[in-house]
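[1] My questions concern the predicted model and sequence given below.
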Amino acid sequence: MDEDFIRFSDDIVSGDAVQRTSCEKCRRPLRVCWCSYLPDTPVKINGKIIILQHPDEEKRNLKTGPMLFHGMTSGQCLIFYGKKFPSAKHQGLKEMLEEPHTYVLYPGPQSKCITDISHTHPQGESYNLVLIDGTWQQAKSMYFHSPFLHSLPQVSLPELGPSLYVIRTQPSEYCLSTVESAALAMSIMEKDKSIVDKLVHPLKALCTFQLKYGAVEHQDKVTLLELGQYRKPVGKRTMKFLRQTAHKSVLEKL
């Protein structure tokens, strides 16, 4: 695969400005490299995972997309960067999105639970799962500005949580990281629960490393609001999200 197709930024542990040798695969400093926690045998599925990643997400030190990329069989996890999809720079993406049984993992009024999709999916036929990788607001904007995605069937995950990604604040306890979402979706489509444990193992290691070096566990925004500990101003977008997901008692405190 072309080196320009998949790019991972160097990762620096907060508070340490000393130049250190980094792993060539995950680009993490060697003392916090999670590569040894990748599956011994890369996960192989009867389809592809297509990650559409916001440019800001690509720059994050603690992104989880690379865990999918390196934890799966070569060519089964593809990452494209941008804010609108597909575009002329996304070589081959439009053709993949046009393939049969291509689903976009995006919750909404029209989405169907992926468990139901797995029951009706023709046995032995390939499928594509499209994930939008960014913050909640970035994902909404990317979907809105990508009309081609609107023609794809929307699927959603069963409500499970909380996320194992404890070093990053999630909107609610049912919001999962990219690697968790993809792993759960694949486990349902493949009817193989072991996929989740195999692919989230590096995430657990990453969180352990960061907590060891001074990071703190983050609670989701809804929980912080319930406890009266959310210190940032609550804007219109956050309020709209909370009306969709939060308990009535949270809204009464705002």
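    Structure's in. What do you need? In this text the structure is predicted, and so the values were computed from the model without any measurement. Numbering: from 1, shown residues only.
[2] all strands for the stretch 101-250 of the chain, in order.
    With DSSP state E, counting those that start in this stretch as the criterion, the stretch 101-250 of the chain has strands at 102-105, 112-113, 127-133, 154-156.
[3] Figure out which of these is closest to residue 76.
    Residue 76 sits nearest to strand 127-133 of all the strands of the stretch 101-250 of the chain, at 10.2 Å, using Cβ to Cβ. C-beta coordinates here come from the backbone N, C-alpha and C atoms, glycine included.
[4] could you say what helices and strands that closest one packs with?
    Applying 3 or more Cβ pairs under 8 Å, 6 or more residues apart in numbering; DSSP states H and E, one finds that strand 127-133 contacts strand 47-53, helix 93-97, strand 102-105, helix 136-144, helix 178-190.
[5] Can you verify my assumption that residue 34 contacts residue 207?
    No. Between residue 34 and residue 207 there is no contact under Cβ atoms under 8 Å: 9.7 Å.
[6] Could you chop the protein up by domain?
    30-217, 219-254 (automatic domain parsing).
[7] Pick the most buried one from those domains.
    domain 30-217 (a mean of 17; mean count of other Cβ atoms under 10 Å).
[8] Next, residue 108: phi, psi?
    Here is the backbone geometry of residue 108 (degrees, to the nearest 10): phi -180, psi 170.
[9] Report the spatially nearest residue to it, omitting neighbours in sequence.
    Closest residue to residue 108 apart from its sequence neighbours, by Cβ to Cβ, 6 or more residues apart in numbering: residue 154 at 5.4 Å.
[10] Not counting sequence-adjacent ones, nearest residue to residue 179?
    Nearest to residue 179 is residue 64, by Cβ to Cβ, 6+ apart, at 3.9 Å.
[11] how close does the one you found sit to residue 76?
    Applying Cβ to Cβ, to the nearest Å, the value for residue 64 to residue 76 is 16 Å.
[12] Turn the domains of the chain into CSV, columns for mean pLDDT and distance to residue 23.
    Below are those laid out as CSV (pLDDT from 0 to 100; distance: least, Cβ to Cβ, whole Å):
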stretch, mean pLDDT, distance to residue 23
domain 30-217, 89, 4
domain 219-254, 46, 30
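[13] With distance to residue 22 as added columns, please give those domains in TSV.
    Shown next, in TSV, are the domains of the chain (distance: least, Cβ to Cβ, whole Å):
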stretch	distance to residue 22
domain 30-217	7
domain 219-254	31
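[14] and residue 77, what does it touch?
    48-49, 51, 68-69, 71, 182 (Cβ atoms under 8 Å, 6 or more residues apart in numbering).
[15] first to last residue in stretch 135-155, what's the distance?
    Using Cα to Cα, to the nearest Å, one end of stretch 135-155 lies 18 Å from the other.
[16] hmm, who's touching that stretch?
    With Cβ under 8 Å, 6+ apart as the criterion, stretch 135-155 contacts 52, 54, 56-57, 83-86, 94, 97, 102-108, 110-114, 117, 129-130, 132-134, 171, 175, 185, 237, 241.
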